[in-house]
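> pasted the sequence and its predicted model underneath.
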Amino acid sequence: MFEHQPTARWSAVEDFLSAVVVRADNSLKRALTTALEAGMPPIEVAPNAGKLLKLLVQLSGARRVLEIGTLAGFSTIWMAQGLPDGGRLLSCEYLPEHARVARANVDAAGLGHLVEIRTGRALETLRGLADEDVEPFDFVFIDADKENNPHYLDWAIRLGRPGTAIVMDNMVWEGAVLDPALDPVTARGILSALHMLGQDPRLDGTVIQTVGTKGWDGFALARVL
Ligand code: SAH
Ligand code: DHB
Ligand code: MG
């Protein structure tokens, strides 16, 4: 998946756009370097997509953000930077080592008081949140194991409220949505989530195809009805 295409013009264009428009700060750069040093795969959102997440958090007026899939906290920091005073972000991460690196990155960004990272399988964390009867989330970003995307979408609705915004990454997966044999388990999860976006009466959504430094993929945006 996502073979690097060094000659692709759209990759250079995206670097140019991010350099001119986005300007990631030092805390975001730190998240990228610590991720590489820790041997994590470079699968965080691109800087322009991270900035989009921040702007969507701000434009939606979200105070409570739920993230599924933390990695080193790159997208976490972007979204937390969009929160108002008193806002909260809860991020779910399976691997303790990822959570540890992300925690340090979020703290170094001065956002530690806004962010909680829960380690473990996200499906269990989400069930736990429902049991705790937590306040509804205003904004949910889904970016973990793609085979669970339909379950994550269902939890996002249940832990949200009418008007909650949901963003989901990796909706095209190098075209595997039309050619599931390329990556059957992942494609099935993504396809099932796409059908939910189109048909679930609790949702209204769209998907934008993306090309850039992260290859050929897609970003979904939905609103809970
Ligand atoms: N959102 C991050 C990237 C996340 S990469 C960013 O843009 O910066 C996907 C992450 O999901 C990885 O850290 C992986 O360990 C985690 N993950 C995979 N399966 C998971 C599961 N079942 N529950 C929680 N996290 C999971
Ligand atoms: C992978 C996961 C992601 O969330 C992503 O954006 C790209 C790749 C992966 O697991 O390979
Ligand atoms: Mg992703």
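Received, thanks. Ligands and ions are numbered 1, 2, ... in the order given.

> ligand 2 contacts on the protein?
1, 43, 143, 169-170 (C-beta under 6 Å from any ligand atom). Yep, even glycine has a C-beta here, placed from its N, CA and C like the rest.

> show me where this structure has helices.
Listed in chain order, the helices of the chain (DSSP state H) span 9-17, 26-37, 47-60, 74-81, 96-108, 122-132, 149-158, 184-199.

> report the buried residues of the last one.
When neighbours are counted by 16 or more other C-beta atoms under 10 Å, the buried residues of helix 184-199 are found to be 186-194, 196-197.

> pLDDT and distance to residue 114 added to the residues you listed, as JSON lines?
Output for these, formatted as JSON lines (pLDDT from 0 to 100; distance: C-beta to C-beta, whole Å):
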{"residue": "186", "pLDDT": "98", "distance to residue 114": "31"}
{"residue": "187", "pLDDT": "98", "distance to residue 114": "35"}
{"residue": "188", "pLDDT": "98", "distance to residue 114": "35"}
{"residue": "189", "pLDDT": "98", "distance to residue 114": "30"}
{"residue": "190", "pLDDT": "98", "distance to residue 114": "30"}
{"residue": "191", "pLDDT": "98", "distance to residue 114": "35"}
{"residue": "192", "pLDDT": "98", "distance to residue 114": "32"}
{"residue": "193", "pLDDT": "98", "distance to residue 114": "28"}
{"residue": "194", "pLDDT": "98", "distance to residue 114": "32"}
{"residue": "196", "pLDDT": "98", "distance to residue 114": "30"}
{"residue": "197", "pLDDT": "98", "distance to residue 114": "29"}
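
> what's around the closest residue to residue 189 other than its chain neighbours, how many residues?
In this structure, residue 189 finds its nearest non-sequential neighbour in residue 147, 3.8 Å apart by C-beta to C-beta, 6 or more residues apart in numbering. When neighbours are defined as other C-beta atoms under 10 Å, residue 147 has 15 of them.

> in contact with residue 147, which residues?
185-186, 188-189 (C-beta atoms under 8 Å, 6 or more residues apart in numbering).

> same deal with residue 30?
By C-beta under 8 Å, 6+ apart, the neighbours of residue 30 are 105, 108-109.

> repeat for residue 122
68-69, 92-94, 144-145, 148, 152.

> next one: it from residue 67, what distance?
Look at residue 122 and residue 67: by C-beta to C-beta, to the nearest Å, they are 10 Å apart.

> filter the residues of the chain next to ligand 2 down to the ones close to ligand 3.
Checking those against ligand 3 by C-beta under 5 Å from the ion, the ones in range are 143, 169-170.
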